[in-house]
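just need the structure, nothing else, for what follows:
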Amino acid sequence: MDFSNIACWIWPLIAGVICGILGYLLGRLFGSNNDKTIDYSADLEDCRRKTASLQADLDACTRKTASLEADLASSESKLNLAKKAPLAATSTASIASSFAAGVATSETVIQNTNTSIPSPSIGIIGVPFDAAAAKGVYGKKRIKEDDLTIVEGIGPKISELFHNHDIKTWAALASTSVEKCQEVLNSGGKRFEIHRPGTWPMQAEMAALGKWAELKKWQDEHDYGKA
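Got it, this is the predicted structure:
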């Protein structure tokens, strides 16, 4: 057997085997690296969603900031009006006080210049006088319109005193205070001071309103106008 030719064919065989092994190893190595390629598409999509959410939050914060700025401006405006209101109220109160003082002064002047003026009426307005109705209650006694002597306790002399003080009607007497009635009596002297006018305005009111039955009943139950 000629071994001189073995080297000629074995070395290429070994080289081929070695190359095959290297090729296999290199193929496995590069194939494994390709399989291990990282896919970041899911992370990228997640980042995009988070960015959109943050942008929505930013827009919401911007809108809230604008709303708060509007509320602040409105509050400042109301505060300025509230600061001005006391000044306006003080001015109004001052004007009202001056007006009231003027009215009080005018009333004092009137009272000092003419003490015979009766107290203002608080709304006693008589009804039209019905002589027949009055006669139907009082019978033979003749009743004249605005005759103050219909009031129990008032006679002709006292009626004259009231006329002198411009109290000439039932309605006027009904609107006169008891104190004023006493002043009228006092003006006539000592003999008139003993009279008690406490019920006279009340009786005059019933006469002015045509309540003849009520007036007659009351007078029958009392003595000379005394309650």
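
what separates residue 131 from residue 146, distance-wise?
Residue 131 sits 12 Å away from residue 146, going by C-beta to C-beta, to the nearest Å. Where you see a C-beta, it was placed from the backbone N, CA and C, and this is true even at glycine.

how about residue 156?
For residue 156 relative to residue 146 (C-beta to C-beta), the value is 14 Å.

the more surrounded of these two?
residue 146 (16 against 9; other C-beta atoms under 10 Å).

how near is the more buried one to residue 65?
In terms of C-beta to C-beta, residue 146 sits 82 Å off from residue 65.

one more: residue 130?
Taken as C-beta to C-beta, the span from residue 130 to residue 65 is 82 Å.

give me the more crowded residue out of these two.
Set residue 130 next to residue 65 and count neighbours by other C-beta under 10 Å: residue 130 wins out with 13 against 10.

apart from its neighbours in sequence, what residue is nearest the more buried one?
residue 210 (5.9 Å; C-beta to C-beta, 6 or more residues apart in numbering).

show the contacting residues for the one you found.
Neighbouring residues of residue 210 by C-beta atoms under 8 Å, 6 or more residues apart in numbering: 126-130, 133-134.

quick check, it in a helix?
No - assigned with DSSP: H, G, I helix; E, B strand; the rest coil, residue 210 falls outside any helix and is coil.

follow-up on the earlier one: output the contacts of residue 210 as a markdown table; include the columns pLDDT, distance to residue 56 and secondary structure.
Shown next, in a markdown table, are the contacts of residue 210 (pLDDT from 0 to 100; distance: C-beta to C-beta, whole Å; DSSP: H, G, I helix; E, B strand; the rest coil):
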| residue | pLDDT | distance to residue 56 | secondary structure |
| --- | --- | --- | --- |
| 126 | 83 | 83 | coil |
| 127 | 92 | 82 | coil |
| 128 | 93 | 86 | coil |
| 129 | 93 | 90 | coil |
| 130 | 93 | 90 | coil |
| 133 | 93 | 91 | helix |
| 134 | 92 | 93 | helix |
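
going through the residues you listed, which ones are buried?
In those, burial by neighbour count holds for 126, 129, 134, counting by 16 or more other C-beta atoms under 10 Å.

how about the helices in this protein?
6-35, 41-113, 131-138, 156-164, 170-174, 178-187, 190-193, 200-208, 212-221 (DSSP state H).

list the buried ones in stretch 188-195?
Applying 16+ other C-beta under 10 Å to stretch 188-195 flags 188, 192, 195 as buried.

residue ranges in the protein under the pLDDT threshold?
1-9, 11, 31-38, 84-123, 223-227 (pLDDT under 70).

all good on my end, thank you.
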